[in-house]
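1. dropping the sequence and predicted coords here.
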Amino acid sequence: MIGSMSTATQSAPSTSLTPAQISAWKRDGFVAVPGFFDAGETRALQAEVRRLQAAGKLRNVATIGDGRTTSTTAFNMQLCPAAPHSPLIRALPFSRKVVGAVTALLGDEVLLYLDQIFLKPGQHGVGTNWHTDNAYFQSRESTAGTGMWIAIHDANRANGTMAVIPRSHALDLTHERDPGSDHHITCAKAVDPADEVVVELPAGGVLFFNWGIAHRTGGNATDHDRAALAYHFVDERRKPENWSTSYAGGTAPPVLAGRGASSAAREWGSDQTGVFDRLVAGQEAGAA
Ligand SMILES: O=C(O)CCC(=O)C(=O)O
C-alpha cells in the first residue's frame, strides 16, 4: 500500500538553493554548492561507498585502449545503478533538501532517472572523458535534466575533480566511442579544453549541471581514493522517449515530485520519506 505521507501530499519542500545559485544553473548550466551535505551525512556516504567497494560491487570500466579489454593498471571503478545495493543511496534523493533543490531547478514534475558511483583509486585512478549526459539519455531538450554530482571525498585538481564547459548545452557536440572505456562515449574532439572550469569541492559538496553540459574528470595522482556519487533527474514533461539507460528494465523511474509522487513507494515498494535522515542518524549514533 502506498503511504499517505508521500511527497505529493506533504507541503512543498523549501529549496536548499539560493536564488543566485538557481540563476547560475539556468544561465551557465551548472552550479557548485559546497556544504550541501553536512559532516554527518558525508561520513555516512563515505562509509557506504567503502562498504560497497569492499563488497566488490564496483567494476573497472577502463580498458587498454581498445574499448573492450579491461585494464589491469588503470582503474575507473563504477557501480550503476547503486540504489539497489544500498538503502542509504536509495533514500538520499527523496530527502527534503534534495527534492527542494531539484524542483527549484527543473520544476514541480520531476523523475529520478538514474544513479551511479564513480571511484578513482589513489595512484591508479583514471578520469572519465568529455561527454554530456544527454548524449546517453537522449532527451529532446538537453536542459530538461540535471546531474547532481556529490563529492564523497574532497575533490581537487590533484585527484581529478570534475571540470565543465560553461553554457556548452548550447553547442552541438558530436560523440563517438571512447576507446579508453568499455562503454563510454566522448565529445573530446568537439570541445576546447581551454574553455573548461575546474570545480574543486570539499567532501559533501555538490555540483548540479544540466544534461547538455560537457564535463570530464581527471586521473587521481594522490595516494587516496576519491569517489563521487551522481544522480540524474529529469523534468517529467521533457523526459527521454527511450528509457533503456534508466532504472527501467525492472521498475519505472521513481516520480520524485508532482503527480504520482510516492517517495518511491509505488515504484520500489517502500516509502523513502525521512529514511535518509534516519539512516544517517543511526550511523552517527553507532559511531559515537
Ligand atoms: O566522476 C566521474 O568520473 C564522471 C561523472 C559523470 O560523468 C557524471 O556524473 O555524469
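-> Sure, I can see it.

2. only C-alpha atoms for contact and neighbour calcs from this point on.
-> Fine.

3. test my guess that residue 169 contacts residue 209.
-> No. Using Cα atoms under 8 Å, residue 169 is not in contact with residue 209, being 9.9 Å away.

4. who touches both of these two?
-> residue 29 (Cα atoms under 8 Å, 6 or more residues apart in numbering).

5. okay, now the unreliable bits of this structure?
-> 1-14, 243-245, 248-251 (pLDDT under 70).

6. residue numbers of it in contact with the ligand?
-> 118, 127, 128, 133, 149, 217, 228, 230 (Cα under 6 Å from any ligand atom).

7. surely residue 78 is within a helix?
-> No. Counting by DSSP: H, G, I helix; E, B strand; the rest coil, residue 78 is not found in a helix; it is strand.

8. residues contacting it?
-> Contact partners of residue 78, counting by Cα under 8 Å, 6+ apart, are 58, 59, 60, 61, 116, 117, 118, 119.

9. okay, now the residue lying closest to the fifth one once chain neighbours are set aside: neighbour count?
-> Once flanking residues are discounted, residue 116 sits nearest to residue 80: 4.5 Å by Cα to Cα, 6 or more residues apart in numbering. Applying other Cα atoms under 10 Å, we find 19 other residues in the vicinity of residue 80.

10. ok, residue 80 to the ligand distance?
-> Note on residue 80: its distance to the ligand, by Cα to the nearest ligand atom, to the nearest Å, is 11 Å.

11. now that residue: phi and psi?
-> Note on residue 80: backbone dihedrals following degrees, to the nearest 10 are phi -140, psi 120.

12. among the residues of the chain next to the ligand, which ones are in strands?
-> 118, 149, 217, 228, 230 (DSSP state E).

13. doesn't residue 128 make contact with the third one?
-> Yes. Taking contacts as Cα under 8 Å, residue 217 lies within contact range of residue 128: 5.1 Å.

14. these two: which has the busier surroundings?
-> residue 128 (24 against 21).
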